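>>> whatever this is, show me its structure:
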Amino acid sequence: MPTQSHHSEIAVIGGGVIGLLCAWRLAQAGHAVTLFERGEPGQESSRAALGVLNPSTSGQTPFPYIHLSQASLALFPALVDELKEAVGIEVGLRDEGVLLVALDDDEAAMLEEEMSHHRAVGIPVAHVSATELRQLEPAVSPDARSAMHFTSALRVDNIRLCHALALAAHKVGVQIVTGALVNRVLVSDDKVTGVQVGGRVHGTEKVIVAAGSWSGTIAGIDAPVRPIKGQGLLLKPNFAVAHVLESFAGYVTPGRDGHLLIGATVEDIGYDQRVTAAGMQKLLS
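A predicted model of the protein is given here:
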């Protein structure tokens, strides 16, 4: 039978960007917060992410989600400044935007439809001709017909961001417990009473589930989330890329020290983090 351990007002499950940010803000507001992370903060999806903040959407995206995404994006520069003041870490915010490139005539027609849709929902985009595109990105494919520029998109160093958030959360009193796998959220009379961490129970009145693809494995809650594997390829070419370049088949993202990240596969195969020859071949083809 699990034994009772400590107690806090709020328990956060998951130490990625969302979990760390929630914990930091709640502690700033005066709440007692404990964050449980199965490994180390910022080491899973938050580390593997591109760090791109793009309001891109599709015709199926609900309007409330679109508006929430745009509002969140607008807050990000101030958040970056606050983090730098709090812990002295510069997280590498970039504002050159994202270019969605059309590589043939059919894709150019699709791009026009995409621009109309994004403008209709209030997302700022600009048409970029083939000539303008090559001025912006000389290394782009000679097949490129045009591009759509997401002018409000931002980019950040996600590894530095996670590190800064962990330090900021700790600084305001968040208890960060690493190597702590939460098995279950405990509920009694429709009220949260705690979380089970291995063989121990941590009492709490409120729980924030920010465990990403592992959220669906936590007993006591209904979180129908499953992992989707994505493989990427890190290269260091003899040319530079300034923008995040997307196509209808993948993307190229500038990284540190002249590296480029090529991505990504989409594989519904569970918690398999192996890099495969088939995945690399697909990215290079």
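>>> please parse this structure into its domains.
3-51+158-217, 98-155+229-284 (automatic domain parsing).
>>> any idea which of those gets closest to Gly59?
The closest of the domains of the chain to Gly59 is domain 98-155+229-284. By C-beta to C-beta, the value is 6.1 Å. All C-beta atoms are positioned from the backbone trio N, CA, C, and that covers glycine.
>>> circling back: the domains of the chain: which one's closest to Ala86?
Short answer: domain 3-51+158-217, nearest of these by C-beta to C-beta, at 4.8 Å.
>>> run the chain-centre distance for that closest one.
17 Å (C-alpha atoms, centre = their mean, to the nearest Å).
>>> same deal with stretch 111-129?
Using C-alpha atoms, centre = their mean, the offset of stretch 111-129 from its chain centre is 23 Å.
>>> for the protein, which spans come out with low pLDDT?
Where the chain drops to pLDDT under 70, the residues are 1-5.
>>> which helix in it runs the most residues?
helix 63-87 (DSSP state H).
>>> tell me how far the helix or strand following that one lies from the chain's centre.
Downstream of helix 63-87, the first helix or strand assigned by DSSP states H and E is strand 98-102. Remark: strand 98-102 is offset 20 Å from the chain centroid, using C-alpha atoms, centre = their mean.
>>> strand 98-102 packs against which elements?
Under the contact criterion of 3 or more C-beta pairs under 8 Å, 6 or more residues apart in numbering; DSSP states H and E, strand 98-102 touches helix 105-120, helix 130-136, strand 146-150, strand 244-246.
>>> quick check: neighbours of it in the sheet, parallel or antiparallel?
Paired strands of strand 98-102, with direction, are strand 146-150 (antiparallel), strand 244-246 (parallel) (DSSP bridges).
>>> got a list of contacts for the first one?
The list of residues contacting strand 146-150 from outside it, by C-beta atoms under 8 Å, 6 or more residues apart in numbering, reads 54-56, 97-102, 108, 111, 114-115, 118, 123-130, 133.
>>> repeat that for stretch 98-110.
With C-beta under 8 Å, 6+ apart as the criterion, stretch 98-110 contacts 52, 54, 56, 111, 114, 128, 133, 136-137, 140-141, 143-150, 153, 243-248.
>>> number of nearby residues for Gly42?
Gly42 has 24 neighbours, counted by other C-beta atoms under 10 Å.
>>> who are the packing partners of the longest helix of the chain?
Short answer (3+ C-beta pairs under 8 Å, 6+ apart): helix 63-87 packs on strand 154-155, helix 158-171.
>>> now for the first one, which elements pack on it?
Just to be clear, that refers to strand 154-155. Going by 3+ C-beta pairs under 8 Å, 6+ apart, strand 154-155 lies up against strand 52-53, helix 63-87.
>>> contacts for the longest one?
Think helix 63-87. By C-beta under 8 Å, 6+ apart, helix 63-87 touches 53, 55, 57, 89-91, 93, 121-123, 152-154, 156, 161, 164-165, 167-168, 171.
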